Structure formats: C-alpha cells, structure tokens
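Asker: no sequence for this one, just the structure:
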C-alpha cells in the first residue's frame, strides 16, 4: 500500500513542517550523497527533451487493478491515480507541502470552516473547466455511506450537506469539529478531484481527469497506457508523448526488463540488487530517504494478539539492528514501533525499544501464551519484506515462539485478504503523522490493519487535530503515540529508503519520499 502509502500536506495558516527528503544517485561511482538538485542532474544530462514513450515497471498489479482513484490501494493504482487526476495539494521536493489544484486554503478563526480557492484555467480532459462543483461532488462521493472509498475517514468531520459553492472557483468546507491542518486530508492519491457527475462506470472504464496524462487502455495485471495531455495546466508538461505502466511483480524480472531495455525505470529494487548494480554503470540507482516502513501487523481483536502482553512480547523479540542488516543490507535505520520518524509531531522522547528475550518470555507466560505458533503472512511485494519475516521467525525461536510463514503471491497480497491477516506485514510511505492516524488507527480508517477501533482513542486524535496551539497539539500527538507505543499492534522495526532503477537515458528525477520514483510524478520525466 504504499502503503502505501502515501503523502500529505498543508500550506498557509496552518502548515505542516515535514522533514526533507534526501536523495543520492549511484551510477558506476559508489554511493555518494547528493542533494535533490544534483540528483536530478546526475540522471540523463542536458535540457529536457520532448517525445517518446516512458515505460515504467511497477511492483504491484493484478486482476483487481482499477482506474477509480477513490478505490486505489496498490502502488500501480496510485501511479495511475496521480497521473490521470490531480489533488488539492501534494507533497513536493524536499517533502515541502505544495498546493496543486488549490490556489489557497484559508481557515476561519476557530478552524471550523475552510475556504478553498481553485486555480484558474484548469480544464478536464474533455475540455470542461475545473469548478467548485467538482470539489463538492468529489467530497460527497467519498463520504457516501454506501461508498468503499479509501478516503472516507478523511471526510468524516466534514459537514457534507453544508458544502457551499461561493463562485465557480471557490468552495467553503464546514466541519463538525475544528481541524488545524485540513489540507493534509486531501493530498493523498485517493483524494483525487473527479469531475462533477462522473459515474462509477465512467471511473472504471473511461476516466476523465485534469492530470498530465489521458487514459487510453487498461489490461489488469499487465499494463496500462496513457497519452500526453496537450492542455495540461502546468505549462510545458508532461514531456513524453506516452506513458506505459507495466505490472512486473517479480523483482528479478523487473530488473532484467530494465537492464534489457524493455523498461525505462522501475520501482522497489531489492537491496541486494542495488548493492550488486551500484558500481556497474549500467543503470542509475536512485535512493530516497526517508522512504518507507515495512512493519508487521497484529490484529488486536484476534487471539493471541488481543492480549497486549503478547503484542509487547512480539515487539521485544525483534532484534532491530539484525533485521536492518539482513532485510535491508544495512541501509536505512532502526525504528521504534512508531510511524513518522523524523517528521513533525514524532515522539522522539520514548526509549528505543530493543530485543529482550527474557522479558518477552515473562510476558508470554503471564498471558498464558508460552510456546504458541503463529502464522505470519508475508510477500515480496515490498523490498525486504520476505527477508524481514524470515529473520523474525528465526529470532522468535529464542522466546519459544514458532512463526510459520505464509508467502502470499505478490499480486494478491493487497487483495481480498488484506486487512484480515491476524499477523501480517505491510508498507507505508512518508506522510504527516496526523494523516497517517486517519488512515491507519482510527475508527473508519481505510487501512486499519491492526483492527485498532477504540472510541476513546478517536477522541484523542480529534482533540489533537483541532487544537490551534502548536505546542499543545504536539503534546497531544506525543500522548497518542505513547499509547500506540505501549499498546498498539504494529512492530515497526526499521526505516528503509526507496531504491529505484532508471535507464541512463531518463532525466527529470527528483526524490520525494511520499512514494517511489519521485512520487510517480511522471509529468516531470523526459527521455534523452
């Protein structure tokens, strides 16, 4: 999921200060670090050129592939959504929040109502202008109780019946509770703005967006084709004439397609692949940090993980340094069972959790869970995922726990059984912590992988989001994270960079830690 993931933002009166992404490019000369600017320059040299077909090898895809951005889950769904459609705001270079379709976000005095002003001159692929009615229609569709839209939790505090068109470019958004950072709720790919009146059938088969590319065809599990939008509102973009997203779920096949010239760039290189290729000069390896986490998930409503002592024992089993060394070839760093390391509001006051087998055994004994056997659902859908699962299973033996691995096919991992795994794995990319809470650990969250449904916790989150005092808001987010640290269902053992592979003829890469391949901003890429 990119996990997931995913990206978010705010600009103006209540901005989110997100830690900057760093990037390095490896191309036959070791692994020196460089800034975002030099990273872009180290790919294909010279000025941006026009034309050609950009072919991208994606790590996900299958029979469940979709075009409807509000139902998007996998990385290939996210890439389609981000290039067919636009959002009100987006995470840009250096993890700085940028407005996209919105010209401004302005709150009232107590942040219970926001006024959004749209850019002028934006048109849909069918030539119609972007108007306030499109925003209102989008929010109501996402919030429809009958909808399965991923962003439902993000509009839960919007008074959908009170949405008001001020003029063609202005809409007011009333809230049932104050939110000090509303724009962060709209910037993820599944909050894309769709056209007023777009039906489910249209979004499944013939989507019309405002994005840089126009839909041509989709063959689920194989590929999708898009053509350049000649009237895109970002002047001069995109540079290429066509975009092809190829589903190549096997990491070796993905790399071979790049090396063989069938593909121009790939996401999700394995760490061992990057190490092997970094000095060869055949491709460019782009490393973006902070990239993502690939944690384990324990459903807190399912035995044996419904006992907090078992959850804590499982966390104490993890040798985090060893997991980073084995699963990530030593790249990245250890994590402390919390999302958002290095980002605003991250609680860095909590002690770093370390392996403690004796304490884990004691907790398991107290919970009556000595010698249990648990199945860990895993895959190779994300770099290091299967390797981490294998290493963790070996570590668990010291605590008397048997962890068996169920390797789910990559194409199915985020399918029908995702969110049902009692013990599983997942992936999340960088986004502001308040937005991740909405996505993962409140009632109604689209990706509540740990079944963390607690009304009192929801109240804590709502109280923090609505506090206009930055210091108090931070204290409240620290409290929220302390509860997740003590009782939550995630084993977040490490932080890993994105490793993307690019042909030497590709230019325009800029590291953005919201997603792989520079946040799938294919509007910016060009071919020499």
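Answerer: Now that the structure is in, tell me what you want to look at. Everything numeric here is computed off the predicted structure, so don't read it as measured data.

Asker: got any ranges where the stretch 251-400 of the chain has weak pLDDT?
Answerer: Residues of the stretch 251-400 of the chain meeting the criterion pLDDT under 70: none.

Asker: what are the ranges of the helices in it?
Answerer: 251-259, 271-277, 308-317, 320-327, 357-366, 385-396 (DSSP state H, counting those that start in this stretch).

Asker: Would you tell me which helix is longest in this structure?
Answerer: Secondary structure of the chain per DSSP state H: the longest helix is helix 470-487.

Asker: Could you list the residues in contact with that one?
Answerer: Contacts to helix 470-487, defined as CB atoms under 8 Å, 6 or more residues apart in numbering, come from residues 180, 300, 308, 311-312, 336-338, 345-347, 349-350, 353, 433-434, 437, 441, 457, 460-461, 463-465, 467, 490. Backbone N, C-alpha and C define where each C-beta goes, glycine included.

Asker: Now that helix: average pLDDT?
Answerer: For helix 470-487, mean pLDDT rounds to 97.

Asker: Please identify the next secondary structure element, helix or strand, after that helix.
Answerer: Counting by DSSP states H and E, the next helix or strand C-terminal to helix 470-487 is strand 490-491.

Asker: returning to that earlier point: among the contacts of helix 470-487, name the buried ones.
Answerer: The neighbour count (16 or more other CB atoms under 10 Å) marks 180, 300, 311-312, 336-338, 345-347, 353, 433-434, 437, 441, 457, 460-461, 463-465, 467, 490 as buried among the contacts of helix 470-487.

Asker: Out of the residues you listed, which sit inside strands?
Answerer: Of the positions in the buried ones among the contacts of helix 470-487, residue 490 sit in strands, assigned by DSSP state E.

Asker: For the closest residue in space to residue 307 that isn't next to it in sequence, give its distance to residue 263.
Answerer: Counting by CB to CB, 6 or more residues apart in numbering, residue 367 is the residue found nearest to residue 307 once chain neighbours are left out, at 4.6 Å. For residue 367, the distance to residue 263 equals 49 Å [CB to CB, to the nearest Å].

Asker: So the two - more neighbours on which side?
Answerer: Taking neighbours as other CB atoms under 10 Å, residue 367 and residue 263 compare with residue 263 leading, 23 against 18.

Asker: my read is residue 78 is in a helix, agree?
Answerer: Yes. Membership of residue 78 in a helix is supported by DSSP: H, G, I helix; E, B strand; the rest coil.

Asker: hang on, it packs against residue 520?
Answerer: Yes. The pair residue 78 / residue 520 is scored as a contact, 6.5 Å apart, by CB atoms under 8 Å.

Asker: And the closest residue to residue 346 other than its chain neighbours, its phi and psi?
Answerer: Spatial nearest neighbour of residue 346, chain neighbours left out: residue 340 (4.8 Å); criterion: CB to CB, 6+ apart. The phi/psi pair for residue 340 (degrees, to the nearest 10) reads phi 90, psi 30.

Asker: Start the count at 464 instead of 1 going forward.
Answerer: Noted, 464 is the first residue going forward, which turns the last one into residue 803.

Asker: pretty sure residue 803 is touching residue 755, no?
Answerer: No. Here residue 803 does not reach residue 755: they are 11.7 Å apart, not a contact under CB under 8 Å.

Asker: Mutual contacts of those two, please.
Answerer: residue 893.

Asker: Just want to know which of those two has more residues nearby.
Answerer: Set side by side, residue 803 and residue 755 show more neighbours around residue 755, with 32 against 26, by other CB under 10 Å.

Asker: Show me what that one is bridged to.
Answerer: With beta bridges defined as DSSP bridges, residue 755 has these partners: residue 892, residue 959.

Asker: measure it to residue 731 for me?
Answerer: Taking CB to CB, one finds residue 755 at 10 Å from residue 731.

Asker: Give me the common contacts of those two.
Answerer: Jointly contacting residue 755 and residue 731 under the rule CB under 8 Å, 6+ apart are 845, 961.

Asker: Which residue ranges of the stretch 564-713 of the chain form helices?
Answerer: Going by DSSP H, counting those that start in this stretch, the stretch 564-713 of the chain shows helices at 595-606, 663-668.

Asker: any chance of these in JSON lines, plus mean pLDDT and distance to residue 616?
Answerer: JSON lines is the format used below for the helices of the stretch 564-713 of the chain (pLDDT from 0 to 100; distance: least, CB to CB, whole Å):
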{"stretch": "helix 595-606", "mean pLDDT": "98", "distance to residue 616": "10"}
{"stretch": "helix 663-668", "mean pLDDT": "98", "distance to residue 616": "20"}
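
Asker: Give me whichever of those helices is most buried.
Answerer: Greatest average neighbour count among those goes to helix 595-606 (a mean of 20), per mean count of other CB atoms under 10 Å.

Asker: roughly how far is that helix from the heart of the chain?
Answerer: Computed by CA atoms, centre = their mean, to the nearest Å, the chain-centroid distance of helix 595-606 equals 23 Å.

Asker: quick one: contacts of that helix?
Answerer: For helix 595-606, contacts defined as CB under 8 Å, 6+ apart pick out 533, 551, 579, 581, 610, 612, 614-615, 617-619, 621, 623, 626, 628-634, 636, 654-661.

Asker: Identify each buried residue in the longest helix of the chain, please.
Answerer: Neighbour counts over helix 933-950 (16+ other CB under 10 Å) mark 936-937, 939-941, 943-944, 947-948 as buried.
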